[in-house]
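J.: Provide a 3D model corresponding to the input given below.
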Amino acid sequence: MSIFLINLTKYNILIIGDGMNNKGFTLLEIILVVAILGVITLIVVPSVSSILNKNKNDQYENLKKSIISAAKMYVSDNRYDLGITCNNTSERPTFTITLKDIVDSGDLTEPVVDPRDKSEISLSNVVNITYNCSNKSFNYEYNYE
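T.: Below you'll find the predicted structure:
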């Protein structure tokens, strides 16, 4: 420990200590903190990124399910207008409806937005519907990739 005496014209100031300022951080301490934060970032960022991508894919699958559900309501409301018949030439009649038809009926709201890239899905995209005459059931298929 050192004792310093600073003599100014009016004041005598006595400083007791080792002459170092102990209020700050050393360069080594700052480097260690930055290194630790860098390691934590390397661990956390890929995890968050994969979670966000999985969330976008889940939202897209939910959108597809909503479109299929809206198509089911549309077919239910317009079954006879669509002219679904079973005849001897085709055991599984197939027909398509556009997203515009579904939106116009009020079963789906506009705009239809792809959650993966926030782009608007064209209303000219179609839902393929197959009617199975033997068990009287519908099969719905929507592919937008």
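J.: beyond the longest helix along the chain, next helix or strand please.
T.: The residue-count maximum for a helix in the chain (DSSP state H) belongs to helix 27-78. Next in sequence after helix 27-78, counting helices and strands by DSSP states H and E, comes strand 94-98.
J.: tell me what angle that following strand forms with helix 27-78.
T.: Strand 94-98 runs at 120 degrees relative to helix 27-78, counting by axes from the mean of the first three to the mean of the last three Cα atoms, to 10 degrees.
J.: and the residue nearest the centre of the chain, what's its pLDDT?
T.: Ranked by distance to the mean C-alpha position of the chain (Cα atoms, centre = their mean), the top residue is residue 56 at 2.9 Å. Per-residue pLDDT puts residue 56 at 89.
J.: excluding residues flanking it in the chain, which one is nearest it?
T.: Nearest non-adjacent residue to residue 56, counting by Cβ to Cβ, 6 or more residues apart in numbering: residue 116, 4.8 Å away. C-beta: built from backbone N, CA, C; applies to glycine.
J.: that neighbour belongs to a helix?
T.: No: read with DSSP: H, G, I helix; E, B strand; the rest coil, residue 116 is coil and lies in no helix.
J.: let's verify the spatially closest residue to residue 73 that is not a sequence neighbour: helix, strand, or coil?
T.: Spatial nearest neighbour of residue 73, excluding adjacent residues (Cβ to Cβ, 6+ apart): residue 107 at 4.5 Å. Under three-state DSSP, residue 107 falls in the coil class.
J.: all set now, cheers.
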